[in-house]
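Trainee: With the input below, show me the fold.
(one chain, ligands or ions: 1)
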Amino acid sequence: MNFIRPAILRSVICSTRGPPGRATLAPGGPSAFYSSVVAGAQERTLVAVKPDGVQRRLVGDIIKRFEQRGFKLVGLKMLQASESTLADHYHDLRRKPFYPSLIRYMASGPVVAMVWEGHNVVRSSRFMVGDTDSAQAKPGTVRGDFSVHISRNVVHASDSVEVAEREISLWFHSAELVNWENSDQSDLYQV
Ligand SMILES: Nc1ncnc2c1ncn2[C@@H]1O[C@H](COP(=O)(O)OP(=O)(O)OP(=O)(O)O)[C@@H](O)[C@H]1O
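Mentor: This is a model prediction of the structure:
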């Protein structure tokens, strides 16, 4: 979604709420209105910095990219992933020839798991992370900037909303996810 200027948002609300020709903003003014627009479109995704990304001190850079894009961090932890979690996470790849080395790689050191929230965050995260094969990943993406080989591609991001829900519940307990409000969410949606 492109950023929306306040004036455009005001005209959208005027045309979708209340009788024609009557300007009706949400109670609480523009800021509350932006929040209500944004809140209706929220989704969450799992992003994980893989062991090579942690070893290479890329955690901060990856978090920065998601924060700067405008997404909201609602879960964060560093952990040594168990083989059972990894087997569950990559269950669809278990028959691939690279599966054993993938599990070894993912278990070789700590992972930083995160849950990010925002409009179209699943799709946007996949673009930000870049192609699975680092050789195909575009510059500007995490993998395109930091990785040269598919087997050490720095970061994971869920590839659909349904998968994201499954992966978040695999990696996080619900009590580890924090619901919080931006003090002024309108800032996110202004150019
Ligand atoms: N041909 C391959 N050789 C070695 N490792 C591979 C290969 N294909 C995939 N992998 C590893 O398995 C991971 C999962 O593969 P998948 O096809 O699900 O890609 P992805 O969804 O882009 O990656 P991820 O799930 O890690 O975000 C890849 O990120 C990569 O680390």
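Trainee: okay, CA-based contacts and neighbour counts for the rest of this
Mentor: Will do.
Trainee: all helices for this structure, in order.
Mentor: Counting by DSSP state H, the chain has helices at residues 6-16, 29-39, 51-55, 59-69, 83-89, 99-106, 121-129, 142-146, 161-171.
Trainee: between these, which gets nearest to the ligand?
Mentor: Shortest distance between the ligand and these, using CA to the nearest ligand atom, is found for helix 99-106: 5.9 Å.
Trainee: And the closest one, what does it pack against?
Mentor: When contacts are defined as 3 or more CA pairs under 8 Å, 6 or more residues apart in numbering; DSSP states H and E, helix 99-106 packs onto helix 83-89.
Trainee: what mean pLDDT does the helix it packs on have?
Mentor: The average of the pLDDT scores along helix 83-89 is 97.
Trainee: circling back to that earlier point, generate CSV for the helices of the chain, with mean neighbour count and distance to the ligand as supplementary columns.
Mentor: Conversion of the helices of the chain to CSV gives the following (neighbours: other CA atoms under 10 Å; distance: least, CA to the nearest ligand atom, whole Å):
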stretch, mean neighbour count, distance to the ligand
helix 6-16, 14, 35
helix 29-39, 16, 26
helix 51-55, 20, 10
helix 59-69, 14, 14
helix 83-89, 15, 8
helix 99-106, 16, 6
helix 121-129, 21, 8
helix 142-146, 21, 10
helix 161-171, 17, 10
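Trainee: for this structure, what are the low-confidence residue spans?
Mentor: By pLDDT under 70, the low-scoring segments of the chain are 1-41, 184-191.
Trainee: tell me the centre residue of it?
Mentor: A centroid search over the chain (CA atoms, centre = their mean) returns residue 116, at 4.1 Å, as the residue closest to the centre.
Trainee: Show me the one of the helices of the chain that comes nearest residue 77.
Mentor: With CA to CA as the criterion, residue 77 lies closest to helix 161-171 of the helices of the chain, at 9.5 Å.
Trainee: what's the closest one in contact with?
Mentor: Applying CA atoms under 8 Å, 6 or more residues apart in numbering, the contact partners of helix 161-171 are 43-46, 85, 89, 113, 115, 122, 158.
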